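**Q** Task: produce atomic coordinates for the following.
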Amino acid sequence: MRIGISQSENARKAAARLDPMPRIRRGFAAYRALSRRERLAFSIALTLAMIGAIGGLIALYLRTTVPIPTYGGSITEGVVGKPFAIHPFIPDGSPADAIIEQLVYSSLFKADGNGNVMPDLAEEYEFLEDNNQYIVSLRSKLFWHDGKPLTSEDILFTVQLIKNPETNHPLYSLYRDINVEALTPRSISFTLPKSFSFFPQYLTFKIIPKHIWGNIPVQNFAFSEYSLKPIGSGPYVFTKIISTKEGTPLQYLLGAAPSYYLPGPFLRSFSVRFFPSLDEAMGALRKKEIDSLADVPTKMFNQDPPENFRQIEPVIPQSFGLFFNLEAAPLEDIAMRQAVKFALPVEKFFETEQGGKIQRIDSPVWFIPAEPHTFDPAKSQELLASLGWKDTDNDGLKDKKLQKKDKNQTQLNLSLTFLDTPEMQALGNFIKENLAQSGIGITPKPVDINEFHNRLRSNSFQLLIVGELSTSGYYPDLYQFFHSSQKPPQGMNFSGYANKNLDSTLVLLREALDQETRDEQYLEIASIIKKDLPVLFLYRPIWTWLVQKTINTPEMKLLNTADERLARVNEWYLFTRRSWKNTN
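**A** Residues are numbered from 1 along each chain as shown. The predicted model follows:
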């Protein structure tokens, strides 16, 4: 007789086999059967196993992911001075102007922080060697902060302003001979008269919108509301000015541009706060009211940055020197220039309070090591005597009759023009005090920024303290400063210097592509300038930037200008998240 089993019975048994509870109960029973010592050992082993498993998972996660920037947060930049005009075609009245321009405006290319350039508005460029033509292609979907499209017509408009003598743009002498054409809404060509290896470095000028500035005369740029409330295409959009009741600006507030074309900006907002003095700015930094402050003398924090701040010191290849006006008597005579040189104890200046933040140079090529300066008052006296300068009235200053018909002696007294800042005042006083020891009188003429630019353009000075700053990256393009065709008002050959051998070498430097040839030409340029002495080079500033440690910035080794530290501000970030690694 066969006994059958119902389907319900089979189902019950199958469910019983799958039910974990009996096993769990047996496990607990087995655990209770253990001694206290065995239970402790088992618990420790189980805990370690769980920790190991979790640690393994965490390690696996960390190995297969990387931290990447994420959005959020804001920072405040401190700056000494207040804004005058946020406009690339109006000379900066203070560092505030340049800083805000970097945040608001864009360029075809921008500094990468290492002496080279990287694409900004441009996507790429092509060089056609046969006719020295650069064709620059723009990125797609470019917009101004007011929503209007940015096209090659805006680039062309900006270049036409550079080529307009009324704007007095520092790139005028370069671009006046370059043919620029908008080929399509997204491409523009630059045809150069001759080979120019530095040219990509000169595509970093800020672009301004044609639809805003096209109908405003150049002479009225400074009076437009857009010069204080700018509309650009950069990573940050102007939102608000905080001012005193009297209208003095205290702070600029900017927000992340929603239509920005590069990754970022990761910081949601960026503000720039203005201070009347460096002492007040450092006070705010120590109180953590600001997150970043540049151009800070190390003496203000005794070489040790304030807590939670890091110190960054990229090279800024600015060459400060004492320029001689070779078209103004008596400095057209090299013997007089040499007399000034030998009478000035240059090395002694580096022992002054200012000496801690400068580096000695003796040529415009900042990376060529300087030779010791020869301080020789006796040689200075000898040269002055050879020119007929003697102290006939025993007043301490040399004098002579400038012409035979003169009845009276004329004192040797030279005017010294410089920008009215504490640093330049200190250097001016140093020059005055030490040249007086050799009987050379100096009349200091400190002037404001506008008067300073006027004197440069009009060549109205005898002696001049100024810092030359090439915008060509690590290797300076010195043509605009020393070629005989570059005299003011359009060029920056402030001394009015002319030397045929130097002219040809400067041209060859612009055409050279291999570094060995360039190095030889730099040495020759430095040698010629030292010999002819149109300028007595003195120092390169050591530039220090303090920034909160929590702020992550790209590496910066060399900046053309102090504000270039903001060229890649879209990459700055405070926070990160982890993302899976790219296995390709």
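**Q** neighbours of the residue nearest to L506 when sequence neighbours are not counted, just the number please.
**A** Nearest in space to L506, with sequence neighbours left out and distances taken as CB to CB, 6 or more residues apart in numbering, is Y479 at 4.6 Å. C-betas here are computed from N, CA, C, even on glycine. By other CB atoms under 10 Å, 24 other residues sit near Y479.
**Q** do you know how far Y479 is from Y202?
**A** In this view, Y479 and Y202 are 11 Å apart by CB to CB, to the nearest Å.
**Q** ok, now T553?
**A** From T553 to Y202 the distance is 25 Å (CB to CB).
**Q** Same check on K210?
**A** K210 is 21 Å from Y202, by CB to CB.
**Q** Residue ranges in the stretch 351-500 of the chain under the pLDDT threshold?
**A** 353-356 (pLDDT under 70).
**Q** mind listing the strands for it?
**A** 358-360, 399-400, 410-411, 413-419, 441-447, 463-469 (DSSP state E, counting those that start in this stretch).
**Q** Tell me which of those strands lies nearest to L48.
**A** Among the strands of the stretch 351-500 of the chain, strand 358-360 comes nearest to L48, with 58.4 Å by CB to CB.
**Q** hmm, back to that, what residues does the residue nearest to L506 make contact with?
**A** Y479 is in contact with 486, 506-507, 509-510, counting by CB atoms under 8 Å, 6 or more residues apart in numbering.
**Q** Next: P230.
**A** By CB under 8 Å, 6+ apart, the neighbours of P230 are 86-87, 100-101, 104-105, 238.
**Q** Please repeat the previous calculation with a cut-off of 10 Å.
**A** Contact criterion CB atoms under 10 Å, 6 or more residues apart in numbering gives 85-88, 100-101, 103-105, 145, 208-209, 212, 224, 237-238, 252, 254 as the residues in contact with P230.
**Q** quick one: the closest residue to it other than its chain neighbours and T561, what's the gap?
**A** Once flanking residues are discounted, P230 sits nearest to I86: 4.4 Å by CB to CB, 6+ apart. Distance, I86 to T561, using CB to CB: 16 Å.
**Q** related to what we said a few turns ago, could I get the strands of the stretch 351-500 of the chain as a markdown table with distance to F575 and mean neighbour count?
**A** Converted to a markdown table, those look like this (distance: least, CB to CB, whole Å; neighbours: other CB atoms under 10 Å):
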| stretch | distance to F575 | mean neighbour count |
| --- | --- | --- |
| strand 358-360 | 37 | 16 |
| strand 399-400 | 70 | 18 |
| strand 410-411 | 66 | 15 |
| strand 413-419 | 41 | 20 |
| strand 441-447 | 46 | 17 |
| strand 463-469 | 35 | 21 |
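**Q** could you dump these to a markdown table with distance to S189?
**A** A markdown table is the format used below for the strands of the stretch 351-500 of the chain (distance: least, CB to CB, whole Å):
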| stretch | distance to S189 |
| --- | --- |
| strand 358-360 | 41 |
| strand 399-400 | 59 |
| strand 410-411 | 57 |
| strand 413-419 | 39 |
| strand 441-447 | 41 |
| strand 463-469 | 29 |
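**Q** Can you check which of the ones you listed gets nearest to F266?
**A** strand 463-469 (29.9 Å).
**Q** Tell me which strands the closest one pairs with, and in which orientation.
**A** strand 318-324 (antiparallel), strand 413-419 (parallel) (DSSP bridges).
**Q** gap between the helix or strand following the first one and the chain center?
**A** I take that to be strand 318-324. Later in the chain than strand 318-324, the nearest helix or strand by DSSP states H and E is helix 334-343. Relative to the centre of its chain, helix 334-343 is centred 34 Å away, using CA atoms, centre = their mean, to the nearest Å.
**Q** mind listing what's buried in helix 334-343?
**A** 334, 336-343 (16 or more other CB atoms under 10 Å).
**Q** Kindly export it (C-alpha atoms) in PDB.
**A** Only the C-alpha atoms of helix 334-343 are listed here, as PDB (Å, rounded to 0.1, in the frame of the first residue of the first chain):
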ATOM      1  CA  ILE A 334      77.100 108.600 -20.400                       C
ATOM      2  CA  ALA A 335      79.800 110.000 -18.100                       C
ATOM      3  CA  MET A 336      77.000 111.800 -16.100                       C
ATOM      4  CA  ARG A 337      75.000 108.600 -15.900                       C
ATOM      5  CA  GLN A 338      78.100 106.700 -14.800                       C
ATOM      6  CA  ALA A 339      78.800 109.400 -12.100                       C
ATOM      7  CA  VAL A 340      75.300 108.700 -10.700                       C
ATOM      8  CA  LYS A 341      75.900 105.000 -10.800                       C
ATOM      9  CA  PHE A 342      79.200 105.100  -9.000                       C
ATOM     10  CA  ALA A 343      77.800 107.500  -6.400                       C
END
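**Q** Just checking, which helix or strand of this structure averages the lowest pLDDT?
**A** Within the chain, no helix or strand scores below helix 7-18, which has a mean of 57 by mean pLDDT, DSSP states H and E.
**Q** got the contact list for stretch 496-503?
**A** So stretch 496-503 is contacted by 323-328, 332, 459, 478-479, 481-488, 505-506, 524-525, 527-529, 531-535 (CB under 10 Å, 6+ apart).
**Q** Then stretch 442-454?
**A** 84, 91-94, 168, 340, 397, 412-421, 424-425, 428-429, 431-436, 455, 460-466, 489.
**Q** returning to what we had before: can you lay out the strands paired with strand 463-469 as CSV showing distance to N493?
**A** Output for the strands paired with strand 463-469, formatted as CSV (distance: least, CB to CB, whole Å):
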stretch, distance to N493
strand 318-324, 10
strand 413-419, 16
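**Q** Look at stretch 186-194 and report the distance between its end residues.
**A** The first and last residues of stretch 186-194 sit 25 Å apart, counting by CA to CA, to the nearest Å.
**Q** Could you give me the buried positions within it?
**A** Using 16+ other CB under 10 Å as the test for burial, stretch 186-194 gives 186-190, 192.
**Q** now the protein, which segments are flagged as low pLDDT?
**A** In the chain (pLDDT under 70), the answer is 1-28, 30-32, 34, 39, 60-62, 302-303, 353-356, 583-584.
**Q** What count of nearby residues applies to the closest residue to V66 other than its chain neighbours?
**A** Excluding its sequence neighbours, the residue lying closest to V66 (CB to CB, 6+ apart) is K581, at 5.6 Å. By other CB under 10 Å, the residues close to K581 number 10.
**Q** if I pick K581, what's in contact with it?
**A** 63-66 are the contacts of K581 under CB under 10 Å, 6+ apart.
**Q** Endpoints of stretch 478-492, how far apart?
**A** Stretch 478-492: ends 10 Å apart by CA to CA.
**Q** how about that stretch: buried residues?
**A** For stretch 478-492, a neighbour-count test (16+ other CB under 10 Å) marks 478-483, 486-488, 490-492 as buried.
**Q** Pull the distance from that stretch to the chain's centre.
**A** 22 Å.
**Q** do the same with stretch 75-85
**A** Distance, centroid of stretch 75-85 to centroid of chain: 15 Å (CA atoms, centre = their mean).
**Q** Does M300 touch Q311 like I think?
**A** No. Contact criterion CB atoms under 10 Å: M300 and Q311 do not qualify, at 11.4 Å.
**Q** okay, now the domains of the chain?
**A** As given by automatic domain parsing, the domain ranges for the chain are 74-314+544-580, 318-541.
**Q** now the longest one, how far from the chain's geometric center?
**A** Read it as domain 74-314+544-580. For domain 74-314+544-580 - counting by CA atoms, centre = their mean - the centre lies 9 Å from the chain centre.
**Q** end to end, how far does that domain reach?
**A** 27 Å.
**Q** And the helices in the stretch 1-150 of the chain?
**A** Using DSSP state H, counting those that start in this stretch, the helices of the stretch 1-150 of the chain run over 7-18, 21-33, 36-64, 95-104.
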